[in-house]
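# model this:
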Amino acid sequence: MDGQLPLFDSRAEQIFRRFVEFHTANPAVWKLFQRFALQLAAAGRTRYSVDAVFHRIRWHVDIETNTSEAVKLNDHYTAYYARMFMVKYPQHQLFELRKRTSAQRPAYEHDIAVIDVGPAINESILREQLRRLM
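Modelled structure (predicted):
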């Protein structure tokens with residue numbers, strides 16, 4: 001094999017390939033994930049949102065560290081970080097694991113990490129409705 005990961009049949013395998021690449025290139029994310037998840041366990045939590053841990057990492061990197069180095073966390077990776085944490089720390093089953101629906105979908109012909117769906121439409125109408133709620 002030439003060092004490249006093989007092409008996969010399912011979307012889940014395709015996402016996992018990107019996760020492995022991201023995880024390898026960004027070891028600090030895993031360290032922060034462990035730190036914040038272990039804080040939850042130490043606080044007595046037995047269930048918590050893996051998305052909240054990801055948002056905590058974003059806040060820490062963007063606000064608390066006061067660094068210009070941004071890390072883009074793809075929400076597709078939360079399932080893998082949750083599972084990896086629970087493998088390393090089996091005594092802390094903090095996260096509810098759900099079926100990966102992407103495992104039933106075929107891989108994209110051309111994998112894309114981010115999809116730009118364009119600007120919001122009818123934003124002025126929505127903002128006016130929200131203004132009435134204040």
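
# Helix or strand with the lowest mean pLDDT in this protein?
Across the helices and strands of the chain, mean pLDDT, DSSP states H and E gives its lowest value to helix 123-133, namely a mean of 83.

# Which parts of the helix or strand encompassing His23 count as buried, going by neighbours?
Element membership of His23, judged by DSSP states H and E, is helix 11-25. Within helix 11-25, the residues scored as buried using 16 or more other CB atoms under 10 Å are 11-12, 14-19, 22-23. Every residue, glycine included, has its C-beta placed from N, CA and C.

# How is the nearest residue to Arg45 once chain neighbours are set aside classified with respect to secondary structure?
Of all residues not flanking Arg45 in the chain, Leu94 sits nearest, at 6.5 Å (CB to CB, 6 or more residues apart in numbering). Three-state assignment for Leu94 (DSSP: H, G, I helix; E, B strand; the rest coil): coil.

# Verify the stated contact: Leu94 with Arg47.
Yes. The criterion here is CB atoms under 8 Å, and Leu94 meets it with Arg47 at 6.4 Å.
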